[in-house]
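Peer 1: Here is my input, please return the structure:
(one chain, ligands or ions: 1)
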Amino acid sequence: MKIPYKIYLEESEMPMHWYNVRADMKNKPVPLLHPQTKQPMTLDELSQVFCCELARQELDDTTAYIPIPQEIRDFYKMYRPSPLVRAYCLEERLGTPAHIYYKFEGNNTSGSHKLNSAIAQAYYAKMQGLKGVTTETGAGQWGTALSMACSYLGLECKVFMVKVSYEQKPFRREVMRTYGASITPSPSNTTEVGRKILEQFPETGGSLGCAISEAVETASNLDGYRYVLGSVLNQVLLHQSIIGLEAKAAMDKYHIKPDIIIGCAGGGSNLGGLISPFAGQKLRGEADMRLIAVEPESCPSLTRGTFAYDYCDTGMICPLSKMYTLGSTYMPASIHAGGLRYHGMSSVVSQLYADGLMEAVSVPQTKVFEAAELFARVEGILPAPESSHAIRVAIDEALKCKETGEEKNIVFGLTGTGYFDLYAYKRFNDGEMSDYVPTDEEIAASVAKLPQI
Ligand SMILES: *Cc1c(COP(=O)(O)O)cnc(C)c1O
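Peer 2: Next up is the predicted model:
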């Protein structure tokens with residue numbers, strides 16, 4: 001059977017449920033801990049931070065399939081099912097016998113997979129009768145996705161945007177404003193946490209961890225507001241499982257069995273969502289394949305971090321999560337893949353990695369942009385720098401197949417487009433991009449400050 005360039009699912013074939021991989025994990029991710037008491041967060045406590053339904057999803061380690069509400073499915077239909085593309089042109093250019101596929105999540109205005117969870121989180125906030133939500137955004141994709149979801153549902157949206165991105169990506173900001181969101185560069189003097197960080201580091205360009213603290217503080221001071229987070233959490237991985245479920249349905253249609261599945265890893269949500277159904281097969285002993293997380297060499301949480309309880313934010317006001325972490329005080333170098341500059345990792349992804357069900361590699365950004373350039377030239381899509389980490393490793397694996405003559409099926413997540421990353425492309429094109437590898441001492445210094453549990 002000839003496999004088409006693009007495998008599209010029918011609207012009616014879009015999944016009716018999200019898949020919760022925790023239900024099939026023998027070693028469940030351990031619970032979130034309260035930042036003060038260091039005791040497992042109860043549903044009541046979590047419901048003061050997140051919407052009730054999302055708090056329930058966060059704690060649910062047993063329900064494998066959770067129905068996607070009709071309203072969310074209707075919204076999904078504006079841009080889903082997303083295509084699974086056979087990268088014939090890339091294969092030809094590489095001269096590889098491998099078959100390369102990518103699941104493309106950049107076909108919506110936010111330009112990334114983040115909308116899959118943004119609409120779900122905004123929906124549950126609306127159902128609970130809330131007035132608005134606060135959040136952080138690094139590169140800007142999450143803030144944009146949430147602004148879109150909130151304007152669709154008539155919710156207010158306050159976004160704390162990491163200051164370097166705020167300055168480097170003014171157009172991203174305008175998209176969010178068009179959707180009615182209010183944007184504050186972080187650190188800001190509108191919160192106690194922000195003022196404290198500004199006092200200590202007046203020149204800082206900010207970080208995701210810091211913007212999270214500001215957003216949480218703001219939500220807790222406003223009536224009818226909750227904080228929402230675009231990655232890392234169990235609930236976000238759950239919503240993103242739609243990526244993997246659709247990818248699997250598309251592959252099943254053509255009897256394609258993946259040998260290697262690759263995703264870039266910032267907080268782990270697209271990767272976790274893409275691999276969930278496949279990790280489920282692995283956990284149930286139904287199929288086997290390699291699952292690979294790709295992270296930037298400058299922010300190597302899985303490959304060089306420590307598996308321990310840590311704060312999800314710099315201000316240490318969020319719950320503690322057990323994860324591979326570089327320490328919440330780690331200040332990642334300002335590489336261009338802003339969405340991957342996070343000190344920690346999803347606890348589900350971390351547990352799968354600790355249990356040997358997954359691999360991880362780190363790559364330098366110049367090599368990432370070389371892969372991005374090649375991909376853009378042969379496949380036509382200008383990829384996001386984050387996504388290009390997955391492209392890099394997919395190409396490397398395909399080149400290995402060229403040496404061995406193996407016809408492997410390689411699948412990767414193309415999480416988004418790079419139209420707002422042209423400053424980064426400019427640096428690359430001008431030959432001004434450099435790589436940064438943190439020293440062992442640097443990592444050890446922030447890991448030494450991990451909370452004692
Ligand atoms: C946010 C983002 C990522 C990284 O976030 P994860 O939660 O690790 O998926 C990757 N790619 C794009 C395009 C993003 O916007």
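
Peer 1: List the contacts of the residue lying closest to residue 364 once chain neighbours are set aside.
Peer 2: With sequence-adjacent residues excluded and distances taken as Cβ to Cβ, 6 or more residues apart in numbering, residue 364 is closest to residue 435, at 4.0 Å. For the C-beta atoms, the positions are set from N, CA and C on the backbone; glycine is no exception. Residues near residue 435 by Cβ atoms under 8 Å, 6 or more residues apart in numbering: 297-298, 364-366.

Peer 1: and the gap between residue 435 and residue 343?
Peer 2: Remark: distance between residue 435 and residue 343 (Cβ to Cβ, to the nearest Å) = 19 Å.

Peer 1: Please apply the same query to residue 427.
Peer 2: Distance, residue 427 to residue 343, using Cβ to Cβ: 24 Å.

Peer 1: More neighbours: those two, which one.
Peer 2: Comparing residue 427 with residue 343 by other Cβ atoms under 10 Å, the one with more neighbours is residue 343, at 28 against 16.

Peer 1: Then that one would be within a helix, right?
Peer 2: No - counting by DSSP: H, G, I helix; E, B strand; the rest coil, residue 343 is not part of a helix but coil.

Peer 1: what's the pLDDT at it?
Peer 2: Residue-level confidence at residue 343 comes out at 89, pLDDT.

Peer 1: low pLDDT regions in the stretch 251-400 of the chain?
Peer 2: The model of the stretch 251-400 of the chain has pLDDT under 70 over residues 334.

Peer 1: And the strands in it, which stretches?
Peer 2: For the stretch 251-400 of the chain, applying DSSP state E, counting those that start in this stretch gives strands covering 260-264, 290-296, 306-311, 320-325, 359-363.

Peer 1: Throw these into JSON lines and include distance to residue 399 and mean neighbour count, thanks.
Peer 2: As requested, the strands of the stretch 251-400 of the chain are exported to JSON lines (distance: least, Cβ to Cβ, whole Å; neighbours: other Cβ atoms under 10 Å):
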{"stretch": "strand 260-264", "distance to residue 399": "13", "mean neighbour count": "28"}
{"stretch": "strand 290-296", "distance to residue 399": "15", "mean neighbour count": "25"}
{"stretch": "strand 306-311", "distance to residue 399": "31", "mean neighbour count": "21"}
{"stretch": "strand 320-325", "distance to residue 399": "28", "mean neighbour count": "25"}
{"stretch": "strand 359-363", "distance to residue 399": "14", "mean neighbour count": "19"}
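
Peer 1: got a markdown table for the ones you listed, with distance to the ligand too?
Peer 2: As requested, the strands of the stretch 251-400 of the chain are exported to a markdown table (distance: least, Cβ to the nearest ligand atom, whole Å):
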| stretch | distance to the ligand |
| --- | --- |
| strand 260-264 | 5 |
| strand 290-296 | 9 |
| strand 306-311 | 17 |
| strand 320-325 | 12 |
| strand 359-363 | 12 |
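
Peer 1: Could you dump those strands into CSV with distance to residue 134 added?
Peer 2: Converted to CSV, the strands of the stretch 251-400 of the chain look like this (distance: least, Cβ to Cβ, whole Å):
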stretch, distance to residue 134
strand 260-264, 26
strand 290-296, 27
strand 306-311, 18
strand 320-325, 19
strand 359-363, 31
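
Peer 1: which SS state does the residue nearest to residue 364 fall under?
Peer 2: Under three-state DSSP, residue 435 falls in the coil class.

Peer 1: Could you report the distance from it to the ligand?
Peer 2: According to Cβ to the nearest ligand atom, to the nearest Å, residue 435 stands 19 Å off from the ligand.

Peer 1: quick one on the thing from earlier: residue 410 is nearest to which of the strands of the stretch 251-400 of the chain?
Peer 2: Nearest to residue 410 among the strands of the stretch 251-400 of the chain is strand 260-264 (4.8 Å), distances taken as Cβ to Cβ.

Peer 1: could you give the angle of the closest one to strand 290-296?
Peer 2: Angle, strand 260-264 to strand 290-296, by axes from the mean of the first three to the mean of the last three Cα atoms, to 10 degrees: 20 degrees.

Peer 1: What pairs with strand 260-264, parallel or antiparallel?
Peer 2: Sheet pairing of strand 260-264 (DSSP bridges) gives strand 290-296 (parallel), strand 409-414 (parallel).

Peer 1: Quick one: these as JSON lines, columns for distance to residue 356 too.
Peer 2: Listed next are the strands paired with strand 260-264 as JSON lines, based on distance: least, Cβ to Cβ, whole Å:
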{"stretch": "strand 290-296", "distance to residue 356": "11"}
{"stretch": "strand 409-414", "distance to residue 356": "20"}
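
Peer 1: So which of these is nearest residue 171?
Peer 2: strand 409-414 (21.5 Å).

Peer 1: Which residue lies nearest the spatial centre of this structure?
Peer 2: residue 269 (3.8 Å; Cα atoms, centre = their mean).

Peer 1: Backbone dihedrals for the closest residue to it other than its chain neighbours, please?
Peer 2: What sits nearest to residue 269 in space, not counting adjacent residues and going by Cβ to Cβ, 6+ apart, is residue 231, at 4.2 Å. With angles defined as degrees, to the nearest 10, residue 231 sits at phi -160, psi -170.

Peer 1: Nothing else from me, thank you.
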